[in-house]
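Student: sequence isn't available, so here's the structure alone:
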């Protein structure tokens, strides 16, 4: 086993071993990514733009996107802090077994990368699947005839991926700062 494949494998094993902590964390982050995509999809949807008062509706959807983004920041940082506190003994054990802080930082990088890929991909897929249902419900409430078909918002997917990539980079940065403050045992 080469040096390059050691850290990704260790990160994957850590994620599976700590699935009771990472499972709810990833599900909640994925749900937030799906909500953000749905709101972005609805904000610039062509059918919504034909509704009377569409400008107000777009403003409300944009405010909703902003609120979900703020809530995502708070949730990701808090939930990540919770997960990392639960793993403090494990990280200390790595230090005892001879891994330096830079090695543990590599493992944390790959863990964060795998989590980000899972959340972004899963959230966008769930958002795409649920966005049509939400659109149909909204059209039914507005008494507008529904148009069946499949729509995908590339800008919504790119915005969602960019937001959550930045948020996971922020969590990685916080984890690395926390790692730098810990003392070797």
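Tutor: Received it, and whenever you're ready, just let me know what you need. This is a predicted model, so every value here is computed, not measured. Residues are numbered from 1 along each chain as shown.
Student: where in this structure is pLDDT low?
Tutor: 1-3, 182-185 (pLDDT under 70).
Student: which elements pack onto the longest helix along it?
Tutor: Longest helix of the chain, by residue count under DSSP state H: helix 101-141. Contact partners of helix 101-141 among helices and strands, from 3 or more Cβ pairs under 8 Å, 6 or more residues apart in numbering; DSSP states H and E: helix 3-17, helix 19-43, helix 46-49, helix 88-96, helix 154-181. Where you see a C-beta, it was placed from the backbone N, CA and C, and this is true even at glycine.
Student: one more time with 10 Å
Tutor: Contacts defined by 3 or more Cβ pairs under 10 Å, 6 or more residues apart in numbering; DSSP states H and E place helix 101-141 against helix 3-17, helix 19-43, helix 46-49, helix 54-86, helix 88-96, helix 154-181.
Student: the fourth one to helix 19-43, inter-axis angle?
Tutor: Comparing the axes of helix 54-86 and helix 19-43 via axes from the mean of the first three to the mean of the last three Cα atoms, to 10 degrees yields an angle of 170 degrees.
Student: tilt between helix 54-86 and helix 88-96?
Tutor: Using the same axes, to 10 degrees: helix 54-86 against helix 88-96 is 60 degrees.
Student: output the contacting helices and strands for helix 54-86.
Tutor: helix 19-43, helix 46-49, helix 101-141, helix 154-181.
Student: what's the angle from that helix to helix 101-141?
Tutor: Using the same axes, to 10 degrees: helix 54-86 against helix 101-141 is 150 degrees.
Student: thinking again about what came up before, to residue 126, which of the helices and strands packed on helix 101-141 lies closest?
Tutor: helix 19-43 (4.0 Å; Cβ to Cβ).
Student: list the helices and strands that closest one packs on?
Tutor: Using 3+ Cβ pairs under 10 Å, 6+ apart, helix 19-43 sits against helix 3-17, helix 46-49, helix 54-86, helix 101-141, helix 154-181.
Student: contact partners of the second one?
Tutor: Translated: helix 46-49. Outside of helix 46-49, the residues within contact range by Cβ atoms under 10 Å, 6 or more residues apart in numbering are 41-43, 54-55, 57-58, 61, 135-136, 138-139, 142, 144-147, 151.
Student: do the same with stretch 159-167
Tutor: 29-30, 32-41, 43, 65, 68-69, 72-73, 75-77, 80, 115-117, 119-121, 123-124, 127, 153.
Student: which of the residues in that stretch are buried?
Tutor: Using 16 or more other Cβ atoms under 10 Å as the burial criterion, the residues of stretch 159-167 that qualify are 159-161, 163-164, 167.
Student: and what of stretch 168-179?
Tutor: Within stretch 168-179, the residues that count as buried by 16+ other Cβ under 10 Å are 168, 171-172, 175-176, 178-179.
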